[in-house]
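K.L.:
Got a predicted structure plus its sequence, pasted below:
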Amino acid sequence: MNAQLGDDVNTWKPALGCHAVGALNDNGIRLLTFCLAHDLIVGSSLFPHKNIHKLTWNSPDVLKQQKKQLKFNSSNLSNRDILASFNATIGGKFNILAELDDTSDINKEWANFTDTVNSAAREHLGYRKGKQEEWISSESRDLISRRKRAKPSLGSDYQELNRQTRASLRNDKKAWRASQIRDVNGNIIKDEAARLQRWSEYFKGLLNADEPEETIDFSVFTQAEELNINMDPPVREEVDKALGLLKRNKAPGVDNITPEILKDGGDVIREWLLRICQHVWKNEVTPAEWGKGIILPLPKKGDLSYCSNNRGITLIDIAGKVFSTILLQRVKDEVDLKMRDNQAGFRKGRSCQDQIFSLNQIIEKCLDQQLPASLISLTSRLLLTQCTCPPCGKFSASMEYLPR
C-alpha cells in the first residue's frame, strides 16, 4: 500500500499508536480514516520495534532485483496423464505453425520452439523446489533440525538451541561474505553488479586469446583424402539416437530446456527438433542462441575470493548438443580409420594408460642404467632432457625451446 502513518497520535487516536514511523502521506491518510471508521487499530504502531521491522519496501527498479533461473520439474513427465497433456499442448502449437521452408528464419523457428516448450513446461510440469542457502554450514543445519524438534515444548532447551542456531547462522553469513570476489587490486567487491562485472572481465581475459603473431600457410599441405561421410540432412533415427546418448540431470542452457524434456517429451518435440536440425543442415546457419552460454564458476583451491582460484564451466543449449552429437556420430568412424595406432586419447574403447605406462618404464630404465632421455613436446616446441651423472648418480634435467 506504500502507506506512511507519521507520528501525529493525537489526531488519529485511537487508531494510531505512538510508535509509528515515516511522514504521513495520502495512502496513510486513507488507511487511518478507514481504521477510524471501522474501529480498527494499526497494531504495529502500539509496540516499540526497530524501524527496519516496521516497514517493508520493494525496489521499483526491476532490473536491480536478483533473477534466478528456475528449473522445471521434469520428473513429472513419468506421470502418463501429465505427459499426455504436455504433448497435447505442444502438438496444438506445432500443428498451427506453417511448414518450415529453406527461406524462413531459423532464429524465429527456434524462438517458437523454446517459447512453446517453456510455456507447456510451466503449465504442466511446474518448477523444482529451491535448494537451501549455500552459505549455511552443516553444523547450522544440524542445529536447525534440533531446534525444530524441540520447538513444541518451548522450554529452556528450545531457547538455548534457538540462541545457538542464530549465532551459528550469523557466523556462517559473515564467513560467506568474507569469501566474496575481489577486484584486481585485492579489495572485496560488495556490490552485486560490480561482482558480475568482475567475473565478466575475468572470463573475457581468460577465454579470449590474442591474435597469433605467426599464421600457418595451408597451401603447403597436400590435399587430404576425401572421407566417405553421409552428407544428407539428419533423419529421425539420428535424432532419437542423439537424444538417447544425452545424460539426465544436467543443467540447461539459456533456453532453460532440460534433457529430460527433450528425451521424455514425446514424438511432437522430436519431430520439431528434427525439423530444426534439417533447417540448420540445409542452410548452414544455426540459431543465435546456440552460440550463447551461461558460465558458472566452480571453486578450486586457495582463497576463493580471487577469480583465478575458480574454474568456469559453460552451460549451452541441450538442442545444440543434439545437433553436435549427430555430426560427431557421422564423422567419428571415418576419422578413426585415418588415425595412427599410437593415437589413444579421445577414441572409443581406448585410453592413454598404455602410453603413460610405456613412458614411465622408459624413464625408470634410463634412471636405472644412468642413460640420458629426451622428451619433445611438438605442441609447445619444448625439449626436456633428463639424465643421471654416472659418477655421483644424481638426477638432473634441462629444458629449452626448439626452433620451428
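P.N.:
That came through fine. Bear in mind that the values here come from a model prediction, so they are computed numbers and not experimental data.
K.L.:
Show me the shaky parts of the stretch 201-350 of the chain.
P.N.:
Within the stretch 201-350 of the chain, no stretch has pLDDT under 70.
K.L.:
mind listing the helices for this structure?
P.N.:
9-12, 26-37, 51-54, 80-96, 106-124, 138-150, 156-178, 192-207, 236-245, 259-264, 267-283, 318-338, 353-369 (DSSP state H).
K.L.:
between those, which one is nearest to Leu70?
P.N.:
Closest to Leu70 of those is helix 106-124 (Cβ to Cβ; 9.3 Å). From N, CA and C alone the C-beta is placed, and that goes for glycine too.
K.L.:
helices or strands next to that closest one in the packing?
P.N.:
helix 80-96, helix 267-283 (3 or more Cβ pairs under 8 Å, 6 or more residues apart in numbering; DSSP states H and E).
K.L.:
How about that helix, which residues are buried there?
P.N.:
Ile106, Glu109, Trp110, Asn112, Phe113, Thr114, Thr116, Val117, Ala120, Ala121, His124 (16 or more other Cβ atoms under 10 Å).
K.L.:
now these as JSON lines including distance to Lys190 and pLDDT?
P.N.:
Below are the buried residues of helix 106-124 laid out as JSON lines (distance: Cβ to Cβ, whole Å; pLDDT from 0 to 100):
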{"residue": "Ile106", "distance to Lys190": "43", "pLDDT": "83"}
{"residue": "Glu109", "distance to Lys190": "44", "pLDDT": "81"}
{"residue": "Trp110", "distance to Lys190": "39", "pLDDT": "85"}
{"residue": "Asn112", "distance to Lys190": "42", "pLDDT": "84"}
{"residue": "Phe113", "distance to Lys190": "41", "pLDDT": "85"}
{"residue": "Thr114", "distance to Lys190": "35", "pLDDT": "86"}
{"residue": "Thr116", "distance to Lys190": "41", "pLDDT": "85"}
{"residue": "Val117", "distance to Lys190": "38", "pLDDT": "86"}
{"residue": "Ala120", "distance to Lys190": "41", "pLDDT": "85"}
{"residue": "Ala121", "distance to Lys190": "36", "pLDDT": "85"}
{"residue": "His124", "distance to Lys190": "41", "pLDDT": "85"}
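K.L.:
List just the nearest of those residues to Cys18.
P.N.:
Nearest member of these to Cys18, counting by Cβ to Cβ, is Ala121, at 52.5 Å.
K.L.:
Cool, thanks, talk later.
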